[in-house]
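J.: need coordinates for the following:
(2 chains)
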Protein chains: 2
Amino acid sequence: MTGCQRRRTSVSRAFLLPRLLCLMCFAVISLAENTEMVNVVTERKAEESHRQDSANLLIFIMLLTLTILTIWLFKHRRFRFLHETGLAMIYGLFVGIILRFGVHLPQDLNDVTLTCAMNSSPTTVLVNVSGRFYEYSLKGEVRDSKGHDVPNAEMLRKVTFDPEVFFNILLPPIIFHAGYSLKRRHFFRNLGSILSYAFVGTLTSCFVTGLVMYGCVVFMKVIGQLGGDFFFTDCLFFGAIVSATDPVTVLAIFNELKVDVDLYALMFGESVLNDAVAIILSSSIVAYQPEGDNRHTFDGSALLKSLGVFLGVFSGSFAMGAATGVMTALVTKFTKLRDFPLLETALFFLMSWSTFLLAEACSFTGVVAVLFCGITQAHYTYNNLSAESKSRSKQLFELLDFLAENFIFSYMGLTLFSFQHHVFNPLFIIGAFLAIFLGRAANIYPLSFLLNLGRKNKIASNFQHVMMFSGLRGAMTFALSIRDTATYARQMMFSTTLLIVFFTVWVCGGGTTPMLSLMQIRVGVDTDQDNLVSSTHVTAPDGMTQRNTKHESAWPFRLWYTFDHNYLKPFLTHSGPPLTSTLPACCGPIARCLTSSQAYANAGQLHDEDTELILNDGSSLMYSDMTVSTDAHGMPTSQAGLYSLAGRSDDPLDRELVFGGTRLVLPTDEPPDPLTSFPPPPPSPALSDPLRH
Amino acid sequence: MTGCQRRRTSVSRAFLLPRLLCLMCFAVISLAENTEMVNVVTERKAEESHRQDSANLLIFIMLLTLTILTIWLFKHRRFRFLHETGLAMIYGLFVGIILRFGVHLPQDLNDVTLTCAMNSSPTTVLVNVSGRFYEYSLKGEVRDSKGHDVPNAEMLRKVTFDPEVFFNILLPPIIFHAGYSLKRRHFFRNLGSILSYAFVGTLTSCFVTGLVMYGCVVFMKVIGQLGGDFFFTDCLFFGAIVSATDPVTVLAIFNELKVDVDLYALMFGESVLNDAVAIILSSSIVAYQPEGDNRHTFDGSALLKSLGVFLGVFSGSFAMGAATGVMTALVTKFTKLRDFPLLETALFFLMSWSTFLLAEACSFTGVVAVLFCGITQAHYTYNNLSAESKSRSKQLFELLDFLAENFIFSYMGLTLFSFQHHVFNPLFIIGAFLAIFLGRAANIYPLSFLLNLGRKNKIASNFQHVMMFSGLRGAMTFALSIRDTATYARQMMFSTTLLIVFFTVWVCGGGTTPMLSLMQIRVGVDTDQDNLVSSTHVTAPDGMTQRNTKHESAWPFRLWYTFDHNYLKPFLTHSGPPLTSTLPACCGPIARCLTSSQAYANAGQLHDEDTELILNDGSSLMYSDMTVSTDAHGMPTSQAGLYSLAGRSDDPLDRELVFGGTRLVLPTDEPPDPLTSFPPPPPSPALSDPLRH
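T.: Got it, this is the predicted structure:
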């Protein structure tokens, strides 16, 4: 009956921070009067609970520590068959097994629950115990509170997180970091394709998966294998959550192997954005609730409402993320905060976090807002930061991302044994694997075909196969599926999702390297060369440099690039051409007011550097819009574009991504000497991306 | 009756993370059957509550953002009369005033609480609402739940934190950072005095303050000004919490002005350690509970038990902090984790956090354990880290410290208006100010006199006056006093403590700079010169360099230095003399096994560098144990010691503190060239401490 409702089950009892925060720890050991006595007992319970919580959290910390050490060992020995996230899951599995079968704790007598009858469920209840009032707060509804047939139910319940921890604590840093570290040039060059895969592709995948699953469920019902309700909306919901591909695992491997930049951009862009699409899509499906008694039939108005929710929440979250990003850019531009890197980093961190809170406070989706905030911050604010803040903020978000990721993946492993309502249905599982395969195929192949009609730089079929194969499911799928495990349908989904994540991370993740060589994807791509070949600069008569991309020749993108480069960048950052030269003459005073003195200096500097670059790589550089085929496999990987320049002042993040590997962090505020900090590309030996580990 | 009990009041309702985590946010808009309906209502309530929480947290984030911008403005304009913590408090005050008097929210109907009678107070209650079970968890006892006479009580209650947030989330990073950034050489040179001030001094201060307060309270009772019980233990408790001086505000000023290093070390060491002493002292006083009916009389056995608690908790916390520090040192020494700075930083962070959890899980004091962990990490582990991890870890902890500090101080400002049980008693307040003055005086002057009997490098009277004046009360005092506000006595204490913090931060903090010039304390001390003058090196016949300190000539300290330098450092880090040369010959194989190859290399390098240093500053250097007076005010500030060398491999943190200011962060793993990264001291222009902002 309640397929589209989200409710809290006994699994939803947080043990981590909430209780750590909520409970007190003090050592009162006394024998006293009666009321005192009750008090002391309560306090001791609270203390005991706090201790237990600390111990449980300690298990996770130890687990993470172990994972880190093993990751080091793997990296040290250059094992590539298992990524760190896979490792974290294995450790989680072990701890889960130990907790479930190894430890036998006596039942805690203090935790016996009392039942009292009331007429409604307020958020706060006062309990009168012999004249003293104790406050209790609503934690949610409990299903099946009696009769856990699992041993150690108490223990397992205690190491179980509130699913909202994922959405409010662990996912935001991961998603923000993903947005913040998008390889922006390549990302924008393939923006049209990425958006198509992320929106059209994810929707297709969701519906195909949903339909296959519905067929499977109907078949199961016919042969009597289904133990509860499973509606079409449930199937669609399942389709939505398994359509979110994970940006973590494969891309770490891609990055390590220096896979073709366009493939990287397509995969990364798609998997980052489809997380956002999947999360909003799933909540729209939940919002689809036809009125009246017959609640699981088709209803046009409910569908429209769902669509409205989807568009509203998406655009709202997008707007909020972009708005805080722009605000941070303005604050960092118009104050001299860059003289104090600590203050600057703190501001940057707080503003990014406030995006999340703002979106949540306005009933939008915080995680999605944070993603777009990350992209905006990288595109604009990053240019305004001091060198030290740049490295500080990157390192901070990298660390948060690393910790959150490994935490989620080791928790996944643990959940396989600690979750007490697993429903493993072989037919459903087989159906699900088939469905995600078909769903992914329906996303990649037809869309690639259509996109290739419009793209000059075609998405080759080996690229398509890799994209098909490497669509891992990870943190987002897990977080979405654990969010509600109240009904039979949701429990079966959760168990199946867990298996899908395990399979894709271990098998597809581990198989990425062989797959790449099988598909003859070029690896070890020197990002520099690729850039230099694909970039050329037309020096405008007034000494200003104009860029553009020709990968995507659709006019909306070109329009956006021009607008962004001529107006937004100069307005929001210290870089780009001065507004005085791009705005019409009538806006002169405003333009002068908004253009920082640095922008004038940069405009000249930019020009010089461009020349320098051109001189350095004169042989392979063209000044026209010609296509240059540099790919060993005969693919036209790079084209002479006007946009994609590793320009110093225009795109420092890009530049660092391109010329990364060594970094100079100087606490002095002067910009480093362009000649020393920006070495000519040819002698660059090891080009590792500093944003990825 | 419950003066020594800690209980939770209505103020103890967390709004931040717990609810953020505990509550769900989803947008289910439907009209459905009856049970569904109840469900939806519950969910809407939860969603509404989550939104409210996000909005409240947003207020704090905005407050912090504003504070950061104002701090920048102050730093930019070089205003020194108000430190950032003072600023944060002022903003907090404003927001408190606005929330209290400006905003008028309608009473939330959903929050009406129900009362039901039970016989005990379990940690979990199941409430049966027309057949559905809802889980409620114990939040604590509520006093005075009806009849708030304050307008906006609901609103104010919502912006109120669970006091345990301070102990479990905000204090640990502050205290860890304090430990991690102790200027270790000067700290160890003055260790005896610092320990005396921190232990003997804090105890003295606690008892003097307690006695004065008891006198005040008795007087108040006589003239009928006391509205409730106030026992001697309460007075002592008050003495303990106001004896914790704050390491933040004054020391930031000291650091900025480059005040005399010995004064800095004394103040910093004392204020960091006395936080630890105060927290354990206060919990020991709470543990003092004579048996029987007459619970507030003297009882020898209870006193002994309290003493036992004090010693046990202190030594336990100390041992735990040191143990995890040592373990981290060993892990970072014997793995090659330094090749991957991200992993290294993550491990460092997790191990440091696990100290806190471990101590809490074992019923010790996490905050104290974290302090000693920080000191150990700085002393040993820091030497093993890669250059990038060093800067990463410092920047990370610096940021956490900065955010936590400003959060606490702005919350303090807010609390003055949002706390609903203030008891401002003029007599008590006057008594308290007198008491803390007398308590501080009883700590500093007699102890300094006694210490000067043993010190060669006397603590001058102007130093004593500054220490007396600059004993600000800050975060720890606040956190300890807000932890329990259940009784009349505790409420009065809390209100008074708040005023004390405001007064000391604004008046004493703001007056530090004038005070320093009034007392003719030398500022702008070039730490380098000071070091070079005070350090000399005896090159042992085997080429090994021995150090020692003569500031504290007591044998336990010398013994410790020798042991630490000869055995602990070589065992735990890559630096120091190789164990093969310090251990007896019979331990040869073990020594070889434990000594890293770097240590041999460093031993030679060390020697070279020492020579270089000596050559660079030959004029002012002596090779004997003579006293060198370099102070303009005629004080014997520095003495030729054998220990305090800014040796490169021995004490990189020290070195960086000494030669700090510019930092090179190279992602390459090779240690920087000693000649370039360790410039000869004379031309060092601006010596700012990179660990402080």
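J.: tell me which parts of the stretch 451-600 of chain A are close to chain B?
T.: Along the stretch 451-600 of chain A, the residues adjacent to chain B under the rule C-beta under 8 Å from any C-beta of the partner chain are A:Arg483. The way it works is simple: take the backbone N, C-alpha and C, and place the C-beta from them, glycine included.
J.: count the neighbours of A:Phe340 for me.
T.: 22 (other C-beta atoms under 10 Å in any protein chain shown).
J.: kindly report the same for the one 3 residues further on.
T.: The number of residues packed around A:Leu343, counting by other C-beta under 10 Å, is 22.
J.: now do the one 4 residues further on
T.: Other residues within reach of A:Leu347 by the criterion other C-beta under 10 Å amount to 26.
J.: flag every residue of the stretch 251-400 of chain A that's near chain B.
T.: So far as C-beta under 8 Å from any C-beta goes, the stretch 251-400 of chain A lies against chain B at A:283, A:286-287, A:289, A:291, A:295, A:305, A:309, A:313, A:331, A:335-337, A:339-340, A:342-343, A:345-347, A:349-351, A:353-354, A:357-358, A:360-363, A:366, A:391-392, A:395-396, A:398-399.
J.: pretty sure A:Val259 sits against A:Ile521.
T.: Yes. With contact defined as C-beta atoms under 8 Å, A:Val259 reaches A:Ile521; the gap is 6.1 Å.
J.: got any ranges where the stretch 101-250 of chain A has weak pLDDT?
T.: Across the stretch 101-250 of chain A, the ranges flagged by pLDDT under 70 are A:103-155, A:157-158, A:183-184.
J.: show me where it has its helices.
T.: A:153-158, A:164-165, A:171-180, A:184-189, A:191-196, A:202-222, A:232-242, A:249-257 (DSSP state H, counting those that start in this stretch).
J.: same deal with the stretch 401-550 of chain A?
T.: Going by DSSP H, counting those that start in this stretch, the stretch 401-550 of chain A shows helices at A:426-454, A:461-469, A:475-482, A:488-503, A:509-510, A:512-518, A:527-534.
J.: check which residues of the helix or strand hosting A:Gly588 are buried.
T.: Assignment of secondary structure by DSSP states H and E places A:Gly588 within helix A:588-594. Buried residues in helix A:588-594, counted by 16 or more other C-beta atoms under 10 Å in any protein chain shown: A:591, A:594.
J.: report all helices and strands that that helix contacts.
T.: helix A:579-582 (3 or more C-beta pairs under 8 Å, 6 or more residues apart in numbering or on different chains; DSSP states H and E).
J.: about what we covered before: among the helices of the stretch 401-550 of chain A, which is nearest B:Gly439?
T.: Checking the helices of the stretch 401-550 of chain A against B:Gly439 by C-beta to C-beta gives helix A:475-482 as the closest, at 52.4 Å.
J.: average pLDDT for that closest one?
T.: Helix A:475-482 shows a mean pLDDT of 91.
J.: quick check: angle from that helix to helix A:488-503?
T.: 160 degrees (axes from the mean of the first three to the mean of the last three C-alpha atoms, to 10 degrees).
J.: check which helices and strands helix A:475-482 sits against.
T.: helix A:171-180, helix A:232-242, helix A:261-287, helix A:387-418, helix A:488-503.
J.: which of the helices of the stretch 401-550 of chain A sits most buried?
T.: helix A:475-482 (a mean of 26; mean count of other C-beta atoms under 10 Å in any protein chain shown).
J.: quick one, that one and helix A:171-180 angle?
T.: 150 degrees.
J.: what sits up against helix A:475-482?
T.: A:11, A:163, A:166-167, A:170-171, A:174, A:240-242, A:244, A:246, A:248, A:275, A:278-279, A:282, A:405, A:408-409, A:412, A:415, A:490, A:493-494, A:497-498, A:500-501 (C-beta atoms under 8 Å, 6 or more residues apart in numbering or on different chains).
J.: picking that back up, could you turn the buried ones of the residues of the stretch 251-400 of chain A next to chain B into a ChimeraX selection?
T.: Those of these that count as buried under 16+ other C-beta under 10 Å are selected in ChimeraX with:
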select /A:283,286,287,289,295,305,309,313,331,335,337,340,342,343,345,346,347,349,350,351,353,354,357,358,360,361,363,366,391,392,395,396,398,399
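J.: show me the residues of the stretch 251-400 of chain A next to chain B that map onto helices.
T.: Assigned to helices by DSSP state H, the following of these qualify: A:283, A:286-287, A:305, A:309, A:313, A:331, A:342-343, A:345-347, A:349-351, A:353-354, A:357-358, A:360-361, A:366, A:391-392, A:395-396, A:398-399.
J.: okay if I get the helices of the stretch 401-550 of chain A as CSV plus distance to A:Leu203?
T.: Compiled in CSV, the helices of the stretch 401-550 of chain A are given as follows (distance: least, C-beta to C-beta, whole Å):
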stretch, distance to A:Leu203
helix A:426-454, 9
helix A:461-469, 17
helix A:475-482, 16
helix A:488-503, 19
helix A:509-510, 25
helix A:512-518, 26
helix A:527-534, 31
